[in-house]
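# just need the structure, nothing else, for what follows:
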Amino acid sequence: MRLTRHTDYAMRVLLYLGARPDRVCTIPEMARAYGISQNHLMKVVHALGKAGYVTSVRGRHGGIRLARTASAINVGAVMRTSETQSGAEGLMLLDCPRCPIAPACGLTNVIDEALAAFFAVLERYTLADLLDQRSEALLAIFAASRAQQAV
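Model (predicted):
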């Protein structure tokens, strides 16, 4: 199984913001920290905002921050939402709708069961669980990344 880049970036944004709950962050700042496209990140942040995970702060010192606490953001729910928003075809691993043997195939049910198990594991965790005791390490990695980019 392979999740979309949209979902990857969505989780990166949430981790970045979750490691800095005391301040507002900007898209250019996150794009630099991760070495990814600012334009693509804007689309991801917009989708996270529509889903209620982030909120924007307007003005001279504006940016984005988490719309709720990290403990209230469920990883499985974020990934389900993100995969749907990114245009993924219902998280399908196989091209079953176009397959001529689909009506008689038992693989579809097995794949559906596997996906359910995959998301059941993700739904046991919150963003806070991912950040727990790691936010200092994340901040150090981001700082080292900025220092390398300045050279």
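
# surely Ser71 and Leu130 touch.
No. Assessed by CB atoms under 8 Å, Ser71 is found out of contact with Leu130, at 10.8 Å. C-beta coordinates here come from the backbone N, C-alpha and C atoms, glycine included.

# comparing the two, which shows the higher neighbour count?
Leu130 (18 against 13; other CB atoms under 10 Å).

# tell me how far that one lies from Arg98.
36 Å (CB to CB, to the nearest Å).

# what do you get for Thr55?
40 Å.

# repeat for Ala140
48 Å.

# so between those two, which is more surrounded?
More crowded of Ala140 and Arg98, by other CB under 10 Å: Ala140, with 10 against 7.

# mind checking what secondary structure that one has?
helix (DSSP: H, G, I helix; E, B strand; the rest coil).

# and for Ile111, the neighbour number?
A count of neighbours around Ile111, defined by other CB under 10 Å, yields 17.

# that one: which element?
helix 107-122 (DSSP states H and E).

# can you give the contact residues for the next helix or strand after that helix?
For helix 107-122, the following helix or strand on the C-terminal side (DSSP H and E) is helix 127-131. With CB atoms under 8 Å, 6 or more residues apart in numbering as the test, helix 127-131 has contacts from Leu14, Leu15, Gly18, Ala19, Leu66, Thr69, Ala70, Ser71, Ile73, Val75, Val78, Leu138.

# among these, which ones are buried?
Buried members of those, scored by 16 or more other CB atoms under 10 Å, are Leu14, Leu15, Gly18, Ala19, Leu66, Ala70, Ile73, Val75, Val78, Leu138.

# nearest residue to the last one other than its sequence neighbours?
Read that as Leu138. Excluding its sequence neighbours, the residue lying closest to Leu138 (CB to CB, 6 or more residues apart in numbering) is Ala19, at 4.5 Å.

# tell me how far that neighbour lies from Asn109.
40 Å.

# cool, Arg98 as well?
18 Å.

# these two touch, right, Tyr125 and Val78?
No. Counting by CB under 8 Å, Tyr125 stays clear of Val78, with 10.1 Å between them.

# what does the residue in the chain sticking out farthest from the centre show for phi and psi?
Most distant from the centre of the chain: Ala104, at 35.7 Å, with distances by CA atoms, centre = their mean. Phi and psi for Ala104, reported as degrees, to the nearest 10, are phi -110, psi 0.

# cool, thanks, talk later.
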